[in-house]
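Enquirer: Using only what follows, build the 3D model:
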Amino acid sequence: MARSPRSLAGQVVAITGGARGIGRATAAALIGHGARVAIGDIDGELAERTARQLGAGTLGLALDVTDRGSFEGFLREIEGRLGPLEALINNAGIMPIGPFAQESDDTARRIVDVNLHGVMLGTKLALERFIPRGRGHVVNVASAAGKVGFAGGATYCATKHGVVGLSEALRAELRGTGVEVSVVIPVVVRTELGSGLPETRLFKSVQPEDVAARIVEALRLRLFDVYVPRSLAAIVRMQALLPRRLNEAFVRLIKADQVLARPDPRARAAYEARVRAALTGPEATARPGERV
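Expert: Next up is the predicted model:
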């Protein structure tokens, strides 16, 4: 029997990478449902400004998802000011793209640290709170790149596959504890991170608000795998049944193989420049801190 939707009114929800893009849109959607929201971002000033713009008592705090002390302090301050945490949305991420053989070791480490280890770290810290209480919800924002490997984004795809696998394992591990896990799998999202990426023949890009609406749905209905758009789920399941050669031919037919391999360099230049700057200092790391 399907469970009835739960109310989010008064629920304390934390969002990483929340100052812009999917994070900001999700914060706005949750506020609309009466939740008490805190957003964290490596750019603390932008997080505070976004929180003021969102209103409704939203907290905006500095957060480095790769640092345990920063993440622990983020969650501690939220609980001290808003009350017990009910949900954590792991949204922060970066996506520098290009040929794998030309990717520097520093770039690869940073992608893994932010996109995968940051999710693992935040989830561990949330579970320290959720499991003793017998309730709580972790939402991990992954990507269609967590289901298929795309040329031009090998390390990014590896991290997204990791987020999907982590979520699958946690779903099994946490069964019966009262703690819920969701994994959100969107196609290209029209944020700064998705700038300059071409469309496929089958799926058009989606807006941050589309992803936000599905995250809210995941929280209210306790859904596990959440695809954006919904029709992506059928394609992923079909591909799992196809022989490899047919699967790869299908990907080429809809031009999905070109999404990360052939971006518009001019449209993407500003984002990629900020990603490169991130490798030289901690502040710039999450200026591209959105997710696709």
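
Enquirer: Check which helices and strands the helix or strand hosting R237 sits against.
Expert: In this structure, R237 sits in helix 232-241 according to DSSP states H and E. Applying 3 or more Cβ pairs under 8 Å, 6 or more residues apart in numbering; DSSP states H and E, one finds that helix 232-241 contacts strand 179-186, strand 225-228. Yep, even glycine has a C-beta here, placed from its N, CA and C like the rest.

Enquirer: if we look at the shortest one, which residues are touching it?
Expert: Applying Cβ atoms under 8 Å, 6 or more residues apart in numbering, the set of residues contacting strand 225-228 from outside is 182-187, 189, 206, 210-211, 214-215, 217-218, 233, 236.

Enquirer: For it, which residues meet the burial criterion?
Expert: Buried positions in strand 225-228, judged by neighbour count with 16 or more other Cβ atoms under 10 Å: 225-228.

Enquirer: Now distance to E79 and pLDDT too, for these, in JSON lines please.
Expert: Output for the buried residues of strand 225-228, formatted as JSON lines (distance: Cβ to Cβ, whole Å; pLDDT from 0 to 100):
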{"residue": "D225", "distance to E79": "29", "pLDDT": "97"}
{"residue": "V226", "distance to E79": "26", "pLDDT": "98"}
{"residue": "Y227", "distance to E79": "32", "pLDDT": "98"}
{"residue": "V228", "distance to E79": "30", "pLDDT": "97"}
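
Enquirer: Just the closest of these to L54, please.
Expert: V228 (21.6 Å; Cβ to Cβ).

Enquirer: separation between the closest one and P96?
Expert: Computed as Cβ to Cβ, to the nearest Å, the V228 to P96 distance reads 23 Å.

Enquirer: out of the buried residues of strand 225-228, who's nearest V139?
Expert: V226 (8.4 Å).

Enquirer: one step back: need the helices and strands packed on helix 232-241 in CSV (columns: distance to G152).
Expert: Shown next, in CSV, are the helices and strands packed on helix 232-241 (distance: least, Cβ to Cβ, whole Å):
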stretch, distance to G152
strand 179-186, 18
strand 225-228, 21
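
Enquirer: Of all these, which one comes closest to R268?
Expert: For R268, the closest of these is strand 179-186, at 18.4 Å, according to Cβ to Cβ.

Enquirer: any idea how far the closest one is from the chain center?
Expert: 10 Å (Cα atoms, centre = their mean, to the nearest Å).

Enquirer: Same question for stretch 136-148.
Expert: Distance, centroid of stretch 136-148 to centroid of chain: 6 Å (Cα atoms, centre = their mean).

Enquirer: R3: neighbour count?
Expert: For R3, the neighbour count with other Cβ atoms under 10 Å is 8.

Enquirer: What of the one 4 residues further on?
Expert: Using other Cβ under 10 Å, S7 has 11 other residues around it.

Enquirer: isn't it right up against E86?
Expert: No. With contact defined as Cβ atoms under 8 Å, S7 does not count as touching E86 (11.2 Å).

Enquirer: Give me the helices and strands touching the longest helix along the chain, please.
Expert: Counting residues, the longest helix found in the chain (DSSP state H) is helix 154-173. With contacts taken as 3+ Cβ pairs under 8 Å, 6+ apart, helix 154-173 sits against helix 105-112, helix 118-133, strand 136-141, strand 179-186.

Enquirer: Name the SS class of I97, please.
Expert: coil (DSSP: H, G, I helix; E, B strand; the rest coil).

Enquirer: Next one: it relative to I22, how far apart?
Expert: To I22, I97 is 18 Å away according to Cβ to Cβ.

Enquirer: One more: A151?
Expert: 24 Å.

Enquirer: which of the two has more neighbours?
Expert: Neighbour count, other Cβ under 10 Å: between A151 and I22, I22 has more, with 33 against 16.

Enquirer: returning to that earlier point: what residues sit buried inside the helix holding R237?
Expert: 232, 235-236, 239.
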